[in-house]
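S.K.: Mind looking at a prediction? Sequence and model below.
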Amino acid sequence: MVHPAEALVAAMPGRWRVGHTKARFEKAFAWDLLRRDIAYFLPLLTRVRVSGGKKRRVLMPVFPSYVFFCGGDDARLAALTTNRLCQVIEVADQRQIVAELAAVQQALAGEAELDPYPFAAAGRRCRVTAGPFQGLEGIVASRANVTRLVLQVSILGQGAAMEIDADLLEPVD
């Protein structure tokens, strides 16, 4: 099996579900899934934290307490047996979740500086027309006079915002 960090979300087989983990159990749950050969997607950001007077680089989830995984009913049952979940959220619109997760994955692969956006974004839906993020779609938001494109994950009511040059955006009807 290909390591999930190297696999494209759109190519992972099975039905996508969202694992709502206990607090700060995202990475441990992802390791459990890896050991069980269950495909998953856990988008992570690198942040610098000061601890004990030293700067440390840490990996933090883009969507705290959520890990996306796919497979059949056996994968769902195996995920529940890890004792790291509060619940499994079933995803009705598989096409939409794959498109949204693929957009987040592409942004991370292009080393976009993502900023977790912990509430549903309101605004105009746009598409990036050029550059490494060409084709990404999201909601335009503004924070501190900077244009940001919010890549939404609808089922969570959350997203991640990335800075983008407004000239690279076109409206999606």
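M.R.: Sure thing, it's come through. Here the structure is a predicted model, which is why all the values come from computation and not from measurement. Residues are numbered from 1 along each chain as shown.
S.K.: can you map out the helices along the chain?
M.R.: Defined through DSSP state H, the helices belonging to the chain, from first to last, are 26-35, 73-80, 94-109.
S.K.: separation between the spatially most central residue of the chain and D73?
M.R.: For the chain, P43 is the residue whose C-alpha lies nearest the centre (Cα atoms, centre = their mean; 4.5 Å). Spatial separation of P43 from D73 under the definition Cβ to Cβ, to the nearest Å is 25 Å. Just so you know, the C-beta spots here come from the backbone N, C-alpha and C atoms, and that holds for glycine as well.
S.K.: picking that back up, the helices of the chain into JSON lines, with extra columns for distance to L59, mean neighbour count and mean pLDDT?
M.R.: JSON lines is the format used below for the helices of the chain (distance: least, Cβ to Cβ, whole Å; neighbours: other Cβ atoms under 10 Å; pLDDT from 0 to 100):
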{"stretch": "helix 26-35", "distance to L59": "7", "mean neighbour count": "18", "mean pLDDT": "98"}
{"stretch": "helix 73-80", "distance to L59": "21", "mean neighbour count": "16", "mean pLDDT": "97"}
{"stretch": "helix 94-109", "distance to L59": "11", "mean neighbour count": "18", "mean pLDDT": "96"}
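S.K.: E90 touches W16, doesn't it?
M.R.: No - distance between E90 and W16: 9.3 Å, which falls outside the contact criterion (Cβ atoms under 8 Å).
S.K.: quick one: furthest residue from the center of this structure?
M.R.: Distance from the C-alpha centroid of the chain, by Cα atoms, centre = their mean, peaks at G53 (30.9 Å).
S.K.: that older thread, skip the chain neighbours and tell me the closest residue to the residue nearest to the centre of the chain.
M.R.: On the basis of Cβ to Cβ, 6 or more residues apart in numbering, the spatially nearest residue to P43 that is not a chain neighbour turns out to be V62, at 4.1 Å.
S.K.: Need the phi and psi values for the one you found.
M.R.: When quoted as degrees, to the nearest 10, the phi and psi of V62 stand at phi -70, psi -40.
S.K.: so how many other residues sit close to it?
M.R.: 22 (other Cβ atoms under 10 Å).
S.K.: any idea how far it is from G123?
M.R.: 20 Å.
S.K.: Same check on D165?
M.R.: Applying Cβ to Cβ, the value for D165 to G123 is 17 Å.
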